[in-house]
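Enquirer: The amino acid sequence is not available; the structure is as follows:
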């Protein structure tokens, strides 16, 4: 899927982020990428959890090199990109490397400069951020043109999602986020969680929170994770796949801002 020619249009950078870990970000990202790759888009998934990468684990990939090797100056960034059988590319991070988990602001800036050139090779870049409010999480959310906040119905997830939104508002001036509610019983529960969170975000943070959709709890998801495959490929007619297919259609209508 990777091409040596620049994309004719600017890439759309979309982060999928969360205040709390364990809400299903990576699974959502890789399955969105698969479903949207079917729309004839060149897509890159970047694992932005720099010290605890898991995109490669979820997809049963075995990267020989990663971003840590790039920062050490041993290889070029393009050498790290993996072409998957799913129709999209993956840029793996590193796992268990403390230096990557705590890279300085200057190193973050150097990495983003390198990444900006790579991103122009694609139509859509999905940034699978870490959880919480660390500097790297905030930085990758700042780079993104649009932020998808992934939330589950758990009170801790909702509370931490609000806290992350507050940080994004105060530190980088973000005024719009998209809410995607994961692991819900049905559409009504997803809408109820989104309406509750939107109410407090709109009222106290003055941030526009746009309801993007929901993903139902589906046993097919865990089955696919255990098999280290994308559930939307293994189970294309599963309820969770249907939900993400609708989300992907909405994202496909988004356009990137003009950029150099």
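Expert: In hand now; what should we look at? Computed from a predicted structure; not experimentally measured.
Enquirer: drop to CA atoms for contacts and neighbour counts, all remaining ones
Expert: Will do.
Enquirer: so where do the helices sit in the stretch 151-260 of the chain?
Expert: Counting by DSSP state H, counting those that start in this stretch, the stretch 151-260 of the chain has helices at residues 155-172, 187-204, 219-226, 231-234, 239-251.
Enquirer: just so I know, which of the ones you listed lies nearest residue 102?
Expert: Checking those against residue 102 by C-alpha to C-alpha gives helix 155-172 as the closest, at 19.0 Å.
Enquirer: Against which helices or strands is that closest one packed?
Expert: Helix 155-172 sits against strand 12-18, helix 135-143, strand 146-151, helix 187-204, with contacts defined as 3 or more C-alpha pairs under 8 Å, 6 or more residues apart in numbering; DSSP states H and E.
Enquirer: what about 10 Å?
Expert: Under the contact definition 3 or more C-alpha pairs under 10 Å, 6 or more residues apart in numbering; DSSP states H and E, helix 155-172 sits against strand 12-18, strand 124-131, helix 135-143, strand 146-151, strand 176-184, helix 187-204.
Enquirer: In stretch 221-232, which residues are buried?
Expert: By neighbour count on 16 or more other C-alpha atoms under 10 Å, the buried set for stretch 221-232 is 221, 224-225, 228-232.
Enquirer: Now tell me what touches that stretch from outside.
Expert: Contacting residues not belonging to stretch 221-232 are listed as 24, 27-35, 55-61, 86, 218-220, 233-242, 244-245 [C-alpha atoms under 10 Å, 6 or more residues apart in numbering].
Enquirer: For that stretch, measure first residue to last.
Expert: Terminal residues of stretch 221-232 lie 9 Å apart, using C-alpha to C-alpha, to the nearest Å.
Enquirer: Return the members of the contacts of stretch 221-232 classed as buried.
Expert: 24, 27-35, 55-56, 58-59, 61, 86, 218, 220, 235, 238-242, 244-245.
Enquirer: low-scoring stretches of the stretch 151-260 of the chain, by residue?
Expert: Scanning the stretch 151-260 of the chain for pLDDT under 70 picks out 259-260.
Enquirer: ditto for the stretch 1-150 of the chain
Expert: The model of the stretch 1-150 of the chain has pLDDT under 70 over residues 1-8, 51, 95-99, 101.
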